[in-house]
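Visitor: Here's my sequence, what's the structure:
(one chain, ligands or ions: 1)
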Amino acid sequence: MNPEALMQLAIDKCREGLAAGQSPFGCAIAIGDRVVAANHNTVALTTDITAHAEVNALRAACLEVGELHLKGAVVATTCEPCPMCMAALHWAQVDHVYYGASIDDAAVAGFNELHLPAVELLRLGGSSVKLTGDLLTEGCRELFTEWLNMPHRRVY
Ligand SMILES: Nc1nc2[nH]cnc2c(=O)[nH]1
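Guide: Alright, predicted model coming up:
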């Protein structure tokens, strides 16, 4: 599946989350042409601070394929993975991660981000996961704008 189409799925899933009062993050995972997971962040819903979109998608994808490692998997996430999510993506041995908005964009929207770029974490840790940013960035940033207009948003 091409990365743009996968990112559009992540954006759509994020909007589903926004409609349900969740935070503005979505993630989709494909292996070849098969979409194995598409999830949004559920931190507010589950009172689970680790329920980021990427962690939710990884859990769903591993369950779906019945494997710990997602060899050949392509991941599209609306925002650059935080260190927790980047580490989880490394553990799952995904092939390539695409993201749209940046950690700085999330911080500007009010999230208490660790200012450690995903590319730095991969380099420091010697990970072979491929990483490409700036995919459908404006569409992904727009999700933060929509979220900032929600009166009952929950920041963390
Ligand atoms: N990439 C990403 N960054 C976040 N920052 C806070 N929550 C999230 C999330 O679900 N995904």
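
Visitor: what's the helix of greatest length in the chain in contact with?
Guide: Longest among the helix segments of the chain by residue count, using DSSP state H, is helix 3-19. With contact meaning CB atoms under 8 Å, 6 or more residues apart in numbering, helix 3-19 is reached by 23-30, 35, 38-42, 53, 74-78, 96, 98, 100, 132, 135-136, 139-140, 143, 146-147, 150. Every residue, glycine included, has its C-beta placed from N, CA and C.

Visitor: do you know how far the closest residue to residue 115 other than its chain neighbours is from the ligand?
Guide: Distances taken as CB to CB, 6 or more residues apart in numbering put residue 103 closest to residue 115, at 6.6 Å, once the chain neighbours are dropped. Counting by CB to the nearest ligand atom, to the nearest Å, the separation of residue 103 from the ligand is 7 Å.

Visitor: Was I right to think residue 103 contacts residue 117?
Guide: Yes - judged on CB atoms under 8 Å, residue 103 makes contact with residue 117 at a distance of 6.4 Å.

Visitor: Need the overlap of contacts for these two.
Guide: Each of residue 80 lies in contact with both residue 103 and residue 117 under the rule CB under 8 Å, 6+ apart.

Visitor: Tell me which residues touch the residue nearest the centre of the chain, please.
Guide: By CA atoms, centre = their mean, the chain has its centre lying nearest to residue 77, at 3.5 Å. The contact partners of residue 77, by CB under 8 Å, 6+ apart, come to 10, 25-28, 53-54, 57, 85, 97-100.

Visitor: So which of those sit within strands?
Guide: Among these, the members found in strands (DSSP state E) are 26, 27, 28, 97, 98, 99, 100.

Visitor: can you pick the most crowded of the residues you listed?
Guide: Taking other CB atoms under 10 Å as the neighbour criterion, residue 27 ranks highest of those with 34 neighbours.

Visitor: where does it sit relative to the ligand, distance-wise?
Guide: For residue 27, the distance to the ligand - CB to the nearest ligand atom - is 7 Å.

Visitor: Could you verify my assumption that that residue touches residue 59?
Guide: No - contact between residue 27 and residue 59 fails when scored by CB under 8 Å: they sit 10.9 Å apart.

Visitor: Would you tell me which residues of the chain are close to the ligand?
Guide: Taking CB under 6 Å from any ligand atom as the contact definition, the chain meets the ligand at 23, 25, 41, 52-54, 77, 79, 81-82, 85, 106, 111, 113.
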